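A.B. asks: Predicted model and sequence follow; I will ask about them next.
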Amino acid sequence: MSDIDEIQELQEPSQPKTQPYSEKFKLFMTNHWKNILIGGLAEIIIIVFAFMLTFILAKQPACETGIVTTSIFHTSTLPSTLTYASSSYSTKPDKSSIATSTTLKPKTLPVTTTSNSLSTHTKLDTTSISATFATMPTPVSGNLTCASGFTYVGNKCWKLVTVQKNRADADQACFSLGGSTLFSIRNDQDNQAVLEFLKDQHVENLWTGLNCVGINPFTCTWDVKSGTTSAYNNFADGYPNNMAGGCIYYKTTGTQAGQWSSGSCNEIMSFVCELPATIYDSTCKYNYNNYCYTPYDQLQISSDAQSICASSGSNLATIHSANENRFFMGIFPSFSMIALGGVALSGDKVIWYDGTPSTYTNIRTLTRGNCILLSNDVGRWDGYKCMIDRAKFICKRRIIGK
């Protein structure tokens, strides 16, 4: 190689060697592994701490539940010895003992009144409740009775109201009669009994307690979500028909007498109200479905309320059906909160203090605790801290007939 070639080679810049990514990663880890390890451990500690804090806070109501269901509550086991009598049978609330204030202060438990009404078509006005059993019950078979003005039909009590109303007003009118509902038909015997009940009444059509969405005859729902038509229905041909309306009425005349049809909920027609037959107890202001209900306007924590109930052979009230829930709504004035005798393990699981099985739930929220109370303006159940918050309450005991 000549001197000139050597000089040119020296003047040309040498190309740097490219370092593989794996080598770069190894070098980075070698230089920074301590910082990476410390950061990772810190993040794990923060995650574990947050999880433990969340778990402990979530368990607080459960701890309260444990206290309630073990040593504090004294459950009554006393049977009722009261027998059938025939004196007055009044359920009009005693205005001297029932106040109109809410059970808990708004800052303790806010009340939402703009949603979750019991019926698809109406929000019940619990301020217009009136006496159901005026002066004398209607004796029927055995120990069973019906409220004054109601007629015993197939183990139910029905009352015909010939004043025509739209569907929502008819439902409200029934509610004012002791929390009754628009009548339901669950089998062919019920369906035929309606025609017999209406004989010589000259009534054309009747609102029922049935609502339909769509055209499937097997998915319609009875009021207060008390059942569907999956087991029985008797719709006329072409019904239900949501184009005609979602409210169902009972035809009483013509060739379609006894069949059901769809109509606009704004139509006006007569209707039948329904209550369950019950054993009558002359010492009890509220007789419903073989139980006696005694309301207390005083505010108590749950354990003290249960002790008061147990002293008279009762228990803090439980609710086992949508119809019973509706009945409860009429005992106290609107916007009252009524303590129930149970705790909610979840939105669909309730344990009742009296040991009865949980056959019905109506929980709206459990954000404040696991004990439950009824907000009677909307008929839903809310959680609350029953060892701290005080509420009105109702004692419930089974009526034993003679």
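C.D. replies: Everything's here; your move.
A.B. asks: what about the stretch 201-350 of the chain, any weak spots by pLDDT?
C.D. replies: Residues of the stretch 201-350 of the chain meeting the criterion pLDDT under 70: none.
A.B. asks: any idea where the strands of it begin and end?
C.D. replies: 205-211, 221-222, 247-251, 260-263, 269-276, 278-279, 286-288, 291-300, 315-316, 337-346, 349-352 (DSSP state E, counting those that start in this stretch).
A.B. asks: Going by neighbour count, which residues in stretch 161-177 are buried?
C.D. replies: Of all the residues in stretch 161-177, those buried under the rule 16 or more other Cβ atoms under 10 Å are 161, 164-168, 170-177. Where you see a C-beta, it was placed from the backbone N, CA and C, and this is true even at glycine.
A.B. asks: T253 and A236, how far apart?
C.D. replies: Look at T253 and A236: by Cβ to Cβ, to the nearest Å, they are 13 Å apart.
A.B. asks: Which residue ranges of the chain form helices?
C.D. replies: 3-11, 21-67, 167-175, 188-197, 302-310, 322-329 (DSSP state H).
A.B. asks: ok, what's across the strand from I248?
C.D. replies: Legend: beta-bridge partners of I248 under DSSP bridges are S262.
A.B. asks: Contacts only, for it.
C.D. replies: Residues in contact with I248, defined by Cβ atoms under 8 Å, 6 or more residues apart in numbering, are 208, 210-212, 220, 240, 260-263.
A.B. asks: Can you tell me how far C273 is from D223?
C.D. replies: 11 Å.
A.B. asks: do T162 as well
C.D. replies: T162 is 20 Å from D223, by Cβ to Cβ.
A.B. asks: try C395
C.D. replies: 27 Å.
A.B. asks: for K349, same thing?
C.D. replies: In terms of Cβ to Cβ, K349 sits 25 Å off from D223.
A.B. asks: Looking at these two, which one has more neighbours?
C.D. replies: Between K349 and D223, counting by other Cβ atoms under 10 Å, D223 is the more crowded of the two (26 against 11).
A.B. asks: Could you give the number of residues near the closest residue to the more buried one other than its chain neighbours?
C.D. replies: Once flanking residues are discounted, D223 sits nearest to G209: 3.9 Å by Cβ to Cβ, 6 or more residues apart in numbering. Burial of G209 is recorded as 28 neighbouring residues (other Cβ under 10 Å).
A.B. asks: give me every residue that touches G209.
C.D. replies: 171, 181-184, 222-223, 226, 274.
A.B. asks: ok, it to S230 distance?
C.D. replies: On the measure of Cβ to Cβ, G209 and S230 end up 16 Å apart.
A.B. asks: For the stretch 1-150 of the chain, give me the ranges with low pLDDT.
C.D. replies: 1-21, 33, 42-43, 46-142.
A.B. asks: isn't F150 right up against L160?
C.D. replies: No: with contact defined as Cβ atoms under 8 Å, F150 and L160 do not form a contacting pair (9.6 Å).
A.B. asks: Settle it for me: which of these two has more neighbours?
C.D. replies: F150 (26 against 17).
A.B. asks: if we can go back for a sec, what touches both of C273 and D223?
C.D. replies: Joint contacts of C273 and D223 (Cβ under 8 Å, 6+ apart) are 181-182.
A.B. asks: residues touching N187, list them.
C.D. replies: N187 neighbours (Cβ under 8 Å, 6+ apart): 231-232.
A.B. asks: let's see 10 Å
C.D. replies: Residues in contact with N187, defined by Cβ atoms under 10 Å, 6 or more residues apart in numbering, are 154, 193, 231-232, 234.
A.B. asks: Taking these together, which two end up most distant?
C.D. replies: Spatial extent of those (Cβ to Cβ) is set by the pair A193 and A231 at 17.0 Å.
A.B. asks: More neighbours: which of these two?
C.D. replies: Remark: of A193 and A231, A193 carries more neighbours, 16 against 9, as counted by other Cβ under 10 Å.
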